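1. What follows is a predicted protein model with its sequence.
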Amino acid sequence: SLQSILRFVMPYLAFGVFLLINKLASHDITPFYLYAGVILALIIGDLLSKGNPARQLLLFSLLGITALLIGMLSEGMVSVYAFISVGLFCSTLWPCIFTLAIAGLGKHTNEGASFLIMMIMGGGVVSLVQGYLASDAYLGIQMSYLVGVACFAYLAFYALRAKAILKRKGIDYDVPAAGGH
């Protein structure tokens, strides 16, 4: 189907536009070719999720943890590529978190969605904590990414916990409803 084809084509089309613009600006784009493989990991994660937001949140949280650990334990460009890849794995997290958080709220959906949007500001605390721990007196810059690992680990836990809670409420994203999920 067209949707299946676009799952492969669109990420690479966006990547191609990025490469084209940088090439037109006379930038060296060869260091970015490696991201074709990272995009493939993103597509495989999307396919493995089968449209289930809990599964997708879990998979991309694990990919984020993996990228952070590689970045922390390696040096040079491998570390740079790994840390930059984290952003790509984060790209799908918010829609999954939002979907899971408001599912089953019924008449309280608008209120729950409003509170959820306001809680985005809590993410600023994460940067503050990581910045504090990045000091040489504590963890140093590279190891301060343990904060990010802890955040991704919590999201993986949330994915598992939310799935169990929603299933008890009769909401199962693995079972197609009439007209889709």
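-> The structure has been received and is ready for your questions. Residues are numbered from 1 along each chain as shown.
2. shaky segments in the chain?
-> Confidence mapping of the chain against pLDDT under 70 gives the ranges 177-181.
3. show me where it has helices.
-> Counting by DSSP state H, the segments of the chain that form helices are 2-24, 35-49, 53-73, 76-90, 93-102, 109-118, 123-133, 146-168.
4. residue contacts, residue 172?
-> residue 166 (Cβ atoms under 8 Å, 6 or more residues apart in numbering). For every residue, glycine as well, the C-beta is placed using N, CA and C.
5. if I look at it, how far off is residue 52?
-> In this structure, residue 172 lies at 9 Å from residue 52, with Cβ to Cβ, to the nearest Å as the measure.
6. between the helices of the chain, which gets nearest to residue 140?
-> Residue 140 sits nearest to helix 123-133 of all the helices of the chain, at 8.5 Å, using Cβ to Cβ.
7. so who does residue 70 touch?
-> When the contact criterion is Cβ under 8 Å, 6+ apart, the partners of residue 70 are 78, 79, 82.
8. wait, isn't residue 132 in contact with residue 138?
-> Yes - counting by Cβ atoms under 8 Å, residue 132 does reach residue 138; the two are 7.1 Å apart.
9. Settle it for me: which of these two has more neighbours?
-> Taking other Cβ atoms under 10 Å, residue 132 and residue 138 do not tie; residue 132 has more neighbours (13 against 10).
10. Nearest the geometric middle of the chain, what residue?
-> Closest to where the C-alpha atoms of the chain average out (Cα atoms, centre = their mean) is residue 90, at 2.4 Å.
11. which residues touch it?
-> Residue 90 makes contacts with 60, 64, as judged by Cβ under 8 Å, 6+ apart.
12. Against residue 117, how distant is it?
-> The gap separating residue 90 from residue 117 is 17 Å, by Cβ to Cβ.
13. and if you look at residue 152?
-> Looking at residue 152 against residue 117, where the rule is Cβ to Cβ, the gap reads 21 Å.
14. Kindly report the same for residue 23.
-> With distances defined as Cβ to Cβ, the gap from residue 23 to residue 117 amounts to 38 Å.
15. same deal with residue 131?
-> Between residue 131 and residue 117 the distance, using Cβ to Cβ, works out to 24 Å.
16. before we move on, back to that, can you tell me which of the contacts of residue 70 are buried?
-> Neighbour counting by 16 or more other Cβ atoms under 10 Å classes 79, 82 among these as buried.
17. can you tell me which of the contacts of residue 70 lies nearest to residue 7?
-> residue 82 (24.1 Å).
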